[in-house]
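> Quick check, what structure comes out for this input:
(2 chains)
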Amino acid sequence: MNKKNFKNKRIFPILIPLISAFLLISCTEPMKVKIEIPVESAVKLSDFNEIIVTNFFVSETPKEFPAGKEIANFIVNDLRSSHSVNVSFKEIKFENGDKVFGDSDFWKNISGEGKNLIITGTANIKEEKRNVIMESSAYTEYPGRRIVPMKFFVFNIKIFLIDSSTGSIISSRSFKEEKGYDTPDTPIEKGFMDIMQRVANKYFKDLFQKKIEEERYIIY
Amino acid sequence: MLDMGKNICKNYFVKRIITILSILILFSPLLISSDKKGDAEKNLKFGVMASQKGLWKEAIYRWKRVIELDPTNWKAYNNLAVAYEREGMFNEALNLYQIALQYSNDNIYVKKNYQACLSIIERKEKK
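You can find the predicted model right below:
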């Protein structure tokens, strides 16, 4: 060791804090993480004993497709798979058409005792044939622009959430969704599943458990 | 003369052993605490790894353990607060951030977390 290096001892008071500061910084490593934070949702599931999903009132649907019941089945399965809450189905008769949604006594009576959440609504489903201009690349069988007949499914759905203890609507939301297929024999079931999945992602995902993405620092 | 020399040697060794033993006894709490700190550091890192893999429940358990072992570990308070925020326990998280700030002498990253958490609570209260 060269003793000359240690002769100038005045450097130590400066060096020691610097080294310790460096060590302190190098030991604290922050890691930026993205976390999903639950924020207050429109409807608190914990306020209700059970969710009751009814068949929907359907004003128009393609032949032989029981849209009212299928929508309810879809919602029941979606909620059962994503939430740990009792979900049941109840079939109701829409004798007065869509006027029933304003009848609070009707909704109070259908679910019996306790505070339950009723999910119901209206639906209108249409099949349409449209000619669409499509552009194919030069490497396909029919290159360039061409008119293609497509089959479209157009869904108009309105979902109501009703508090069974008061019979009043606590939330309602309308959706207009459509999806086109270039195969004219696409069955309604295919269009139904695709569109309902879209509705479920838009509506139910945020309805009971809204989450926002935030950044935080984890330190080690 | 020989006996005297032997006695001196004996005394010397006895004294040395006593000195070593007393040092050990004196510093044993420090040794134990350094062991605890080592365990705490291991748990802290384990918790971080668990959180990276999305195992937040495990991470919470680990960071709580760190606080048990080393109640001044501000990193654990900070990380636990992040996990609590993820669970929607904002007030608990805010308290933990405050403790972390105290022990870390207002670490900049803890401060950022604290302010973000505070703004969520304020937004909630406004609603």
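
> helix or strand right after the helix or strand hosting residue A:76?
Element membership for residue A:76 (DSSP states H and E) is helix A:67-82. Downstream of helix A:67-82, the next assigned helix or strand under DSSP H and E is strand A:87-90.

> need the helix or strand of chain B with the lowest average pLDDT.
helix B:2-52 (a mean of 75; mean pLDDT, DSSP states H and E).

> neighbouring contacts of the helix or strand following it?
Using DSSP H and E, the helix or strand that follows helix B:2-52 in sequence is helix B:56-69. Residues from elsewhere that reach helix B:56-69 (C-beta atoms under 8 Å, 6 or more residues apart in numbering or on different chains): B:36-37, B:39-40, B:43-44, B:46-48, B:50-51, B:73, B:75-77, B:79-80, B:83-84, B:86-87. Yep, even glycine has a C-beta here, placed from its N, CA and C like the rest.

> Among those, which ones lie close to chain A?
B:44, B:48, B:51, B:75, B:79, B:86-87 (C-beta under 8 Å from any C-beta of the partner chain).

> Please name the residues that touch the closest residue to residue A:161 other than its chain neighbours.
Nearest residue to residue A:161 in three dimensions, chain neighbours excluded: residue A:171, at 4.3 Å (C-beta to C-beta, 6 or more residues apart in numbering or on different chains). Counting by C-beta under 8 Å, 6+ apart, residue A:171 touches A:42-43, A:160-161, A:207.

> nearest to chain B, of those?
For chain B, the nearest member of those is residue A:42. The distance, counting by C-beta to the nearest C-beta, is 11.2 Å.

> Now do the closest one, the pLDDT please.
Per-residue confidence (pLDDT) for residue A:42: 68.

> And the strand or helix carrying residue A:107, how far out from the chain middle?
Counting by DSSP H and E, the element that carries residue A:107 is helix A:104-110. For helix A:104-110, the gap between its own C-alpha mean and the chain's C-alpha mean amounts to 28 Å (C-alpha atoms, centre = their mean, to the nearest Å).

> ok, then the element right after that helix?
Sequence order places strand A:117-136 as the next helix or strand after helix A:104-110, per DSSP H and E.

> Can I get that following strand in CSV? Just the C-alpha atoms.
The C-alpha trace of strand A:117-136 is given here as CSV (Å, rounded to 0.1, in the frame of the first residue of the first chain):
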residue,chain,number,x,y,z
LEU,A,117,-80.9,-7.2,-7.1
ILE,A,118,-83.0,-7.9,-10.1
ILE,A,119,-81.4,-7.7,-13.5
THR,A,120,-83.9,-7.5,-16.4
GLY,A,121,-84.3,-5.5,-19.6
THR,A,122,-85.5,-5.3,-23.1
ALA,A,123,-83.9,-6.5,-26.3
ASN,A,124,-84.4,-6.1,-30.0
ILE,A,125,-82.4,-8.3,-32.4
LYS,A,126,-82.3,-7.9,-36.1
GLU,A,127,-80.6,-9.8,-38.9
GLU,A,128,-79.6,-7.6,-41.9
LYS,A,129,-78.0,-8.3,-45.2
ARG,A,130,-75.7,-5.6,-46.4
ASN,A,131,-73.3,-5.2,-49.3
VAL,A,132,-70.0,-4.0,-48.1
ILE,A,133,-67.0,-2.8,-50.2
MET,A,134,-64.0,-4.8,-49.3
GLU,A,135,-60.4,-4.4,-50.4
SER,A,136,-58.3,-7.5,-50.8
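
> what helices or strands is it leaning on?
strand A:51-54, strand A:57-60, helix A:67-82, strand A:144-163, strand A:168-181, helix A:188-202 (3 or more C-beta pairs under 8 Å, 6 or more residues apart in numbering or on different chains; DSSP states H and E).

> In the third one, which residues are buried?
Pointing back at helix A:67-82 there. Within helix A:67-82, the residues scored as buried using 16 or more other C-beta atoms under 10 Å in any protein chain shown are A:67-68, A:70-72, A:74-76, A:78-79.

> same thing with the second one?
Residues A:57-58 are the ones in strand A:57-60 that count as buried (16+ other C-beta under 10 Å).

> So for it, mean pLDDT?
89.

> packing partners for it?
Contact partners of strand A:57-60 among helices and strands, from 3+ C-beta pairs under 8 Å, 6+ apart: helix A:67-82, strand A:117-136.

> interface residues of chain B facing chain A?
B:44-45, B:48, B:51-52, B:75, B:78-79, B:82, B:85-88, B:107, B:109-110, B:112-113, B:116, B:120, B:123-124, B:127.

> before we move on, which element is residue B:101 in?
Taking DSSP H and E as the criterion, residue B:101 maps to helix B:90-104.

> again, but for residue B:88
Counting by DSSP H and E, residue B:88 is part of no helix or strand.

> ok, how many other residues are close to it?
By the criterion of other C-beta atoms under 10 Å in any protein chain shown, residue B:88 has 15 neighbours.

> Verify the contact between it and residue A:35 for me.
No. Using C-beta atoms under 8 Å, residue B:88 is not in contact with residue A:35, being 11.1 Å away.

> before we move on, the earlier item: for the helix holding residue B:101, list every residue counted as buried.
B:90, B:93-94, B:96-97, B:99-101, B:103-104.
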